[in-house]
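J.: next comes the sequence, and after it the predicted model I'd like to discuss.
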Amino acid sequence: MNSRIARLLLRLYPRAWRERYGAEFAALLESGHGGVPTSARTLVRTVSNVIWSALGERVFPTVGGNMEQSRFQSWCVRAPWAMFGLAPFVLLMVAYGVACVILWSGWKMFLPGADTPFVPIDGFAIFYFQAGRLLYFTAPILIGWAVALVAGRQRLKAFWPAVGWVLIALIGGTVQVHTSRPAVPAGAGHVSIGFNLGSSGQAIPDRLLHALAILSLTVLPYLVWRLLNARRTLSA
Amino acid sequence: MRTTRHVVTPENGAGPSHFSDPPLLVLASLANGPKHGHAMIEDIASICGTRLGPGTLYGAIARLEQQGWIEPLAPKDRRQPYRITAQGLRVLRAKLATLRQFTNAGLERLEAR
């Protein structure tokens, strides 16, 4: 079937349905072999079948199930590089940015004039700085778990999620916070993040071990999910 | 479950012998392994001579997926394979057992004539 006719027919379906099944349904319609015959008589029959089905979908729409996540699922299929590569990277950078802001503002509020924010503190300042530290250390793991959750729920191949995990682990393992002394007494210091692969003298640099630890922690839930899923399928 | 109207194209001109319950046919087709839309249509045609229309097929797929009886696998190009779930297998077994009972009873009555 002509792709133009297929697109027109597809438009008869409700938007949620189109977003979930549109691409695969259009592929089925456009293909001239297999289920969709191409002769004029059978083309008319196919078109009427699709029109009737689309009407049924509009009158009694499919609700619930995977239809509610259709837009998200559609993105996962169309742009896995964005969902599993770019999005985790941006999220991680945002998390590190927020952690830096917490460190910088805490330094300014609780330790004015101190050369570094990494000094013994007490009172509310402990909670304030710990919030930033918690975000800094858990962000790669939480984002990795989010990638695992999405990959598991969407039942996607492991390639793009694996790219995301490696990226997250490398960033999480090599990231380093730099602080510099205030230029003027009682002035605000400078906080920035950078990436450091560690000293070359070590057989396995600490940074690489850190990255491997993050990778293991983030991949583990996905592997467990795959294992449980495989067992469930076998037992069925 | 609402079923959409189906297109039945007799393969050998033997219309009345065709069985047509799209959701059940899709479940039966997926019972021996995952398949995408085209493969399901061909498989169903080979099982019972019923060639489902694309709208009918996807009407059934959407509802089976909604009920958790089938699930999508990783897409291949633009084709989306599906597989039957454990729950779907239980439902298929139950439906086929009922059908067998019905078929046996009907055949016994015919033989008794």
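T.: Yep, that arrived.

J.: leaving out sequence neighbours, find the closest residue to the residue positioned nearest the centre of chain B.
T.: The residue lying closest to the centre of chain B (C-alpha atoms, centre = their mean) is B:Leu25, at 0.8 Å. Among residues not flanking B:Leu25 along the chain, B:Ile44 sits closest, at 4.7 Å (C-beta to C-beta, 6 or more residues apart in numbering or on different chains). Yep, even glycine has a C-beta here, placed from its N, CA and C like the rest.

J.: so the one you found touches B:Ala31, yeah?
T.: No: using C-beta atoms under 8 Å, B:Ile44 makes no contact with B:Ala31, being 11.6 Å away.

J.: nearest spatial neighbour of A:Ile171, skipping sequence neighbours?
T.: Nearest to A:Ile171 is A:Leu92, by C-beta to C-beta, 6+ apart, at 5.7 Å.

J.: torsion angles phi and psi at the one you found?
T.: Here is the backbone geometry of A:Leu92 (degrees, to the nearest 10): phi -70, psi -40.

J.: that one: neighbouring residues, count only.
T.: A:Leu92 has 20 neighbouring residues, counting by other C-beta atoms under 10 Å in any protein chain shown.

J.: gap between it and chain B?
T.: 25 Å (C-beta to the nearest C-beta, to the nearest Å).

J.: per-domain residue ranges of chain A.
T.: Here the domain parsing of chain A from automatic domain parsing is A:3-69, A:79-235.

J.: can you redo the ones you listed as TSV with mean pLDDT?
T.: Conversion of the domains of chain A to TSV gives the following (pLDDT from 0 to 100):
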stretch	mean pLDDT
domain A:3-69	78
domain A:79-235	84
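
J.: closest to B:Gly37 out of those domains?
T.: Of all these, it is domain A:3-69 that lies closest to B:Gly37, at 4.4 Å by C-beta to C-beta.

J.: what degree of burial does B:Gly106 show, as a neighbour count?
T.: 10.

J.: residue contacts, A:Leu111?
T.: A:Pro117, A:Val119, A:Ile121, A:Ala125 (C-beta atoms under 8 Å, 6 or more residues apart in numbering or on different chains).

J.: from A:Ala211, how far off is the residue nearest to B:Leu25?
T.: 50 Å (C-beta to C-beta, to the nearest Å).

J.: next one: B:Arg79
T.: The gap separating B:Arg79 from A:Ala211 is 36 Å, by C-beta to C-beta.

J.: report the buried residues of the helix or strand encompassing B:Phe102.
T.: Assigned by DSSP states H and E, B:Phe102 falls within helix B:86-112. Using 16 or more other C-beta atoms under 10 Å in any protein chain shown as the test for burial, helix B:86-112 gives B:Gly88, B:Leu89, B:Val91, B:Leu92.

J.: that one and chain A in contact?
T.: Yes: against chain A, helix B:86-112 shows contacts by C-beta under 8 Å from any C-beta of the partner chain at B:Ala86, B:Leu89, B:Arg90.

J.: that helix: how far from the chain's middle?
T.: Relative to its chain's centre, helix B:86-112 lies at 15 Å (C-alpha atoms, centre = their mean, to the nearest Å).

J.: other SSEs contacting it?
T.: helix A:206-235, helix B:22-30 (3 or more C-beta pairs under 8 Å, 6 or more residues apart in numbering or on different chains; DSSP states H and E).

J.: so which of the ones you listed is nearest B:Gln66?
T.: For B:Gln66, the closest of those is helix B:22-30, at 10.8 Å, according to C-beta to C-beta.

J.: and after that closest one, which helix or strand comes next?
T.: helix B:37-48.

J.: could you name the helices and strands sitting against that following helix?
T.: On a contact count with 3+ C-beta pairs under 8 Å, 6+ apart, helix B:37-48 meets helix A:15-30, helix B:22-30, helix B:54-66.

J.: now tabulate those in CSV and tack on distance to A:Gly164.
T.: CSV is the format used below for the helices and strands packed on helix B:37-48 (distance: least, C-beta to C-beta, whole Å):
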stretch, distance to A:Gly164
helix A:15-30, 22
helix B:22-30, 30
helix B:54-66, 26
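
J.: surely B:Arg83 forms part of a strand?
T.: Yes: according to DSSP: H, G, I helix; E, B strand; the rest coil, the state of B:Arg83 is that of a strand.

J.: residues near A:Ile51, how many?
T.: Every residue meeting other C-beta under 10 Å relative to A:Ile51 is counted, giving 13.

J.: just checking, it touches A:Leu9?
T.: Yes: under the criterion of C-beta under 8 Å, A:Ile51 makes contact with A:Leu9 at 7.2 Å.

J.: re earlier: ok, now which ones touch the residue nearest to B:Leu25?
T.: Counting by C-beta under 8 Å, 6+ apart, B:Ile44 has contacts B:Leu25, B:Val26, B:Ala28, B:Ser29, B:Thr50, B:Arg51, B:Leu52.

J.: is it true that A:Val119 lies in a helix?
T.: No: read with three-state DSSP, A:Val119 is coil and lies in no helix.
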